[in-house]
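Got a predicted structure plus its sequence, pasted below:
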Amino acid sequence: MIMQLVDLRLLPEEIKDEYTIRIKLAAKINTSADKLYFEWNKRSIDARKRPIYYNCRFKVFDGQTPKLDIPSFLPLDVRKSTKEVVIIGAGPAGLFAALRCLELGIRPIIYERGKDVRARRRDLAQLTKKGALNPESNYCFGEGGAGTYSDGKLYTRSKKRGDIDKVLEWFVHFGASIDITIDAHPHIGTNKLPGIISAMRSCIISHGGHVHFEKRLTDIQVKNGTVNAICLNESEWVTCCKVVLATGHSARDVYHLLNAKKITIEAKPFALGVRIEHSQQLIDRIQYHGSESHENLPPAAYSLVTQVDGRGVYSFCMCPGGIIAPCATQNGEVVTNGWSPSKRNNPYSNSGIVVGVFPEDFPGYESNPLVLLDFQKEIEQKAFMLAGGNQCVPAQRMLDFLNAKRSSDLPKTSYHPGITSVNLKELFPAFIHERLRRGLLDFGKKMKGYLTNEAVLHAPESRTSSPVLIPREKESFEHPQLKGLYPCGEGAGYAGGIVSAAIDGIKIVEAIATIDYNCDLHKN
C-alpha cells in the first residue's frame, strides 16, 4: 500500500462529488480511478476572487484500503495510582490536563467553581431571557469553560505551542465531527460542545479521576515555599502538593487572592472594543463577490487588521451565522461575546473589533499588577450604568459611531437581554474610541459595503484575554515563587482560545509527569 498527499483545487459544487474527486486524483497521480482509495486531509476556501475554490489535500492510497488508525486517546485506570494532580477549573486547559493525566497513570482531581455543563444551561437561559446573572454559573464559569457556550471555535495561529492535531483528534474521540481535523478553521459549535464535554467528564470519572462542581478556590496554604493545601468555598481544606491553576480569564478573585498573599502576578496587555453585528447576507455578498449564498459554501467569515497610531486594531472571534451573548460574571457589569451553532445558520454575523491596551497606558502600572483588571472592570461597570442595567448593553449604529452621534433608533439584533442607544464616546477613553473609529474606516476600504448604518456596535467586548499574567518557569511550568503551583491556560496568560488552552494543559501535565513523577512519555 502506497500513500501520497495530493493537492487539488475544487469548485464548491465539486466538493461533495466523490466521483469527480476520484477521477481528478487518479489523473493527478497517473493511476486507475477504480484502484484508488482516498481520505480528506485538509481543506480551505480561497475566496479572494472569482471563481471561488476549495484548496484541498487528500491522503491517496493506491491499490488497497488502509488499515484503521491506532486510537489517539489511550487512558489508563488510575484508581490505585499514588500519583495525583489537583486541577482548579474544568475549562479546556483543565479537562485536557486531566485527560493527559489518565494516559500517564496520574489521578486527576478537578475542582470547578461553576456547575456541570447541563445544569449551567438553565442559568444561561435565565441570564438571556431575564437578565438574571448567577456569578458562579454563566458564560464564563462552569464545566467546559468560556468556549463551551460561546462558540467552540478551534482555530489557533500558534502552531508552535504544541500538538494541535492531538487536541483535535481527542475532540473527535469524544464526539466531534471528523471535519474539525480537515477544515482550516475548525468549529464544533455551541450546540454540540456540551455533549462532548460530558463525555470527557464521564471518561475521567470512569477511569478513576474525580470531578467536583460548585467548588471555588478561596485560599492557598503555603509551607516552606511549597503548596501544602487549598481551601474551597471558604471552609473546605484539601491537602495537596501539585495544583494546576486553570481558572480562566475571568476569575478575578483568584488574581486578588494571589496578590493578597504576595504571590507574584503581573499586568498583561489585553484588547478592548465592541462587538459588531451585520446581516449574514451582507457579509456573504461582500466576501463571495456579489453572491448572497451558495449551497456548497459556508456562511462567510472575515478577518481584519490594521494599525492606527502604532497600535493594532483587529477583528476578534468572528462568528458567521451567530448570536451575541451576555458574558458578565458579576452583577453591575455588562460584557459581550459571540457564538455560533454548528450549522452557523442564524441570520446575523458578528465579530469583536478591538484595540490593544497596555500597562504603559496607565501611570504607576509598575506598582499595580491589577491596573488593567481594574480598567477592564471600570469599563464594564460604566457600560452597565449607561445602558440602564438588567444586562442591557450600550449600542450604536456604525455610521453614527463614526460621526460620534447617538443613534435615534436601533434595529433588532441578536442580543436578547436588550440594547440601549448610547454615544459610545461616553464609554471609551479617547485613545480607544479614536482608534476604533479610524480602524473601522480602514476596514470599510478593505470590505466594500462593510460600513453601513444597518450594522450595530454592542459594547463592550472586553474579555478578549486575561489582563493579568501569572509567571511560571520555562521548563517546569511552576510559579517561580511557589513550588507545586502550575499557572495554566488563558487565565494565567499562556493561551488564547480552546486549542491553545488545551495544549497548555497537556504540556503542564507532561512536565509534572517527567520532572516529578519520573514517567516515560514514550511509553504512554
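Right, received. Where do you want to start?

so Asp77 sits right up against Gly208, yeah?
Yes. The pair Asp77 / Gly208 is scored as a contact, 5.5 Å apart, by C-beta atoms under 8 Å. Using the backbone N, CA and C atoms, a C-beta is placed for each residue, glycine as well.

between these two, what contacts are shared?
Counting by C-beta atoms under 8 Å, 6 or more residues apart in numbering, Asp77 and Gly208 have no contacts in common.

Could you check which of these two is surrounded by more residues?
Gly208 (19 against 12; other C-beta atoms under 10 Å).

In contact with the more buried one, which residues are there?
Asp77, Val78, Arg79, Lys80, Ser81, Leu102, Arg107.

ok, now which ones touch the fourth one?
Meaning Lys80. Contacts here follow C-beta under 8 Å, 6+ apart; on that basis Lys80 touches Gly208.

ok, and for stretch 322-342, which residues are buried?
Going by neighbour count (16 or more other C-beta atoms under 10 Å), the buried part of stretch 322-342 is 322-330, 333-342.

Please flag which of the residues you listed sit within helices.
Judged by DSSP state H, helices contain none of the buried residues of stretch 322-342.

Just the ones of these in strands?
Among the buried residues of stretch 322-342, the ones falling in strands (DSSP state E) are Ile323, Ile324, Ala325, Pro326, Thr336, Asn337, Gly338, Trp339.

one step back: from the contacts of Gly208, pick the one nearest Ala495.
Leu102 (21.0 Å; C-beta to C-beta).

Which residue is the nearest non-sequential neighbour of that closest one?
Pro75 (3.8 Å; C-beta to C-beta, 6 or more residues apart in numbering).

these two touch, right, that neighbour and Cys203?
Yes. Pro75 sits in contact with Cys203 when judged by C-beta under 8 Å, with a separation of 6.5 Å.

any shared contact partners between these two?
Contacts common to Pro75 and Cys203, judged by C-beta under 8 Å, 6+ apart, are Leu99, Leu102.

low-scoring stretches of this structure, by residue?
1-2, 64-70, 150-162, 291-293, 523-524 (pLDDT under 70).

can we see that at 80?
1-2, 62-71, 150-162, 189-190, 291-295, 520, 522-524 (pLDDT under 80).

Next, count neighbours for Tyr288.
For Tyr288, the count of nearby residues is 19 (other C-beta under 10 Å).

rewinding a little: can you tell me which of the contacts of Gly208 is nearest Lys59?
Leu102 (29.1 Å).

from what I can see that closest one touches Cys203, true?
Yes. The pair Leu102 and Cys203 qualifies as a contact (C-beta under 8 Å) at a distance of 7.4 Å.

so what's in contact with the two at the same time?
Counting by C-beta under 8 Å, 6+ apart, the residues touching both Leu102 and Cys203 are Pro75.

neighbour count winner among those two?
Leu102 (25 against 18).

Tell me the backbone dihedrals of the more buried one, please.
Per-residue torsions, Leu102: phi -60, psi -40 (degrees, to the nearest 10).

OK, contacts around it?
Each residue near Leu102 by C-beta under 8 Å, 6+ apart is listed here: Pro75, Leu76, Val78, Pro108, Cys203, Ile204, His207, Gly208, Gly209.

Among those, name the buried ones.
Buried members of the contacts of Leu102, counted by 16+ other C-beta under 10 Å: Pro75, Val78, Pro108, Cys203, Ile204, His207, Gly208, Gly209.

returning to what we had before: can I get the contacts of Gly208 in CSV with secondary structure?
Converted to CSV, the contacts of Gly208 look like this (DSSP: H, G, I helix; E, B strand; the rest coil):
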residue, secondary structure
Asp77, coil
Val78, coil
Arg79, coil
Lys80, coil
Ser81, coil
Leu102, helix
Arg107, strand
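
Pick out whichever of those sits closest to Asn228.
Looking across the contacts of Gly208 and measuring by C-beta to C-beta, the closest to Asn228 is Arg107, at 18.8 Å.

Tell me, how many residues neighbour the closest one?
Arg107 has 22 nearby residues by other C-beta under 10 Å.

swap in the one 3 residues further on?
Burial of Ile110 is recorded as 27 neighbouring residues (other C-beta under 10 Å).

Next up, phi/psi of it, please.
phi -100, psi 130.

The protein: helices as residue ranges?
Using DSSP H, helices in the chain cover 18-29, 92-103, 117-130, 164-173, 193-206, 252-260, 280-287, 371-387, 398-402, 430-446, 489-492, 498-515.

for the shortest one, the distance to its chain's centre please.
So the one you mean is helix 489-492. 11 Å (C-alpha atoms, centre = their mean, to the nearest Å).

what does stretch 501-521 give?
Here the centre of stretch 501-521 is set off from its chain's centre by 22 Å, with C-alpha atoms, centre = their mean.

count of neighbours near Glu426?
The number of residues packed near Glu426 is 13, by other C-beta under 10 Å.

Hmm, it is touching Ala387, no?
No. Using C-beta under 8 Å as the test, Glu426 is too far from Ala387 to be in contact (11.1 Å).

Okay, Thr464 and Gly312: tell me how far apart.
To Gly312, Thr464 is 12 Å away according to C-beta to C-beta, to the nearest Å.

what about the spatially closest residue to Leu74 that is not a sequence neighbour, how many neighbours?
Nearest non-adjacent residue to Leu74, counting by C-beta to C-beta, 6+ apart: Glu103, 5.9 Å away. Each residue near Glu103 was counted by other C-beta under 10 Å, and the total is 20.

again with the one 3 residues further on
When counting by other C-beta under 10 Å, one arrives at 26 neighbours for Ile106.

Against Asn518, how distant is it?
12 Å.

go on, Ser72?
25 Å.

With His433 instead?
55 Å.

Those two: which has the busier surroundings?
Per other C-beta under 10 Å, whichever of His433 and Asn518 has more neighbours is His433, with 19 against 8.

which non-adjacent residue is nearest the more buried one?
Here the residue nearest His433, using C-beta to C-beta, 6+ apart, is Lys425, at 5.4 Å.

just Gln287 next, same as before
Gln287 sits nearest to Ala300 (C-beta to C-beta, 6+ apart), 3.6 Å away.

Could you pull out the buried residues of stretch 216-227?
In stretch 216-227, counting by 16+ other C-beta under 10 Å, buried: Arg216, Leu217, Thr218, Ile220, Val222, Val227.

Just the residues you listed: which are in strands?
Per DSSP E, the buried residues of stretch 216-227 map to strands at Leu217, Thr218, Ile220, Val222, Val227.

Can you tell me which of those residues is closest to Glu277?
For these, the nearest to Glu277 is Leu217 (35.7 Å; C-beta to C-beta).

quick one, what contacts the closest one?
Ile88, Tyr111, Arg113, Ile230, Cys231, Leu232, Thr247, Val254, Leu257.

Which one (most neighbours) among those residues?
Thr247 leads those on contacts (other C-beta under 10 Å) with 31 neighbours.

Let me know whether that one touches Gly89 as I believe.
Yes. Taking contacts as C-beta under 8 Å, Thr247 lies within contact range of Gly89: 4.5 Å.

got any residues that touch both of those two?
Arg113, Gly491.
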